[in-house]
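Q: Kindly generate the corresponding structure for this input.
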Amino acid sequence: MTSAVVTAAPDTSAVEVARLMRDHRVGSVVIVDPAGVPVAMVTDRDLAVRVLAEGTDPERPASAVASRPLITGDPDMELDEAAALMVRHRVRRLPVVAEERLAGIATLDDIAVRSGNLEVAQRMTQDVIQGALPQFYFHERG
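A: Residues are numbered from 1 along each chain as shown. The predicted model follows:
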């Protein structure tokens, strides 16, 4: 889990969220309400599909293009529980929330590194991508 998470308010523009991703070298920004409670997430894919491909105004609030519902994990979760939750919901990033506060974020990359098992990481990535993008999924040729 990474404890430093990039966040933005719901009214932050999509283009500003994209700049946050660029400047912090991340692929997602968690949207938090005024009380700091995580409510949604904007991913690089959300920006590509819901803003660029649709020709949506980039000044539109990020909350309008965010992924919902926000699937979250618990800080006490075991690695395999977090991995199973990510695969079940077809997400590559899992914000970790403790008492309605953002404690960090776990990613497929984090799980791959922590597990030390490249085959497990590849299978998880394959399951998530296949679920999220079935029309683009292809099998290895061999």
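Q: what is the nearest residue to Ala103 once chain neighbours are set aside paired to in the beta sheet?
A: In this structure, Ala103 finds its nearest non-sequential neighbour in Val96, 4.7 Å apart by CB to CB, 6 or more residues apart in numbering. Bear in mind the C-beta positions are built from the backbone N, C-alpha and C, glycine included. Val96 forms beta bridges with Gly73, Gly104, as assigned by DSSP bridges.
Q: which residues sit in contact with Val96?
A: By CB atoms under 8 Å, 6 or more residues apart in numbering, the contact list for Val96 reads Met1, Thr72, Gly73, Asp74, Pro75, Met77, Leu102, Ala103, Gly104, Ile105, Ala106.
Q: Would you mind checking these for buried ones?
A: Buried members of the contacts of Val96, scored by 16 or more other CB atoms under 10 Å, are Met1, Thr72, Gly73, Met77, Leu102, Ala103, Gly104, Ile105, Ala106.
Q: Just flag the most distant two among these.
A: Met77 and Leu102 (14.8 Å; CB to CB).
Q: just the strands in this structure please.
A: Here the chain has its strands, by DSSP state E, at 7-8, 28-32, 38-43, 93-98, 101-107.
Q: Let's have those in JSON lines, adding mean pLDDT and distance to Arg114.
A: Shown next, in JSON lines, are these (pLDDT from 0 to 100; distance: least, CB to CB, whole Å):
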{"stretch": "strand 7-8", "mean pLDDT": "97", "distance to Arg114": "23"}
{"stretch": "strand 28-32", "mean pLDDT": "96", "distance to Arg114": "19"}
{"stretch": "strand 38-43", "mean pLDDT": "96", "distance to Arg114": "21"}
{"stretch": "strand 93-98", "mean pLDDT": "94", "distance to Arg114": "13"}
{"stretch": "strand 101-107", "mean pLDDT": "92", "distance to Arg114": "9"}
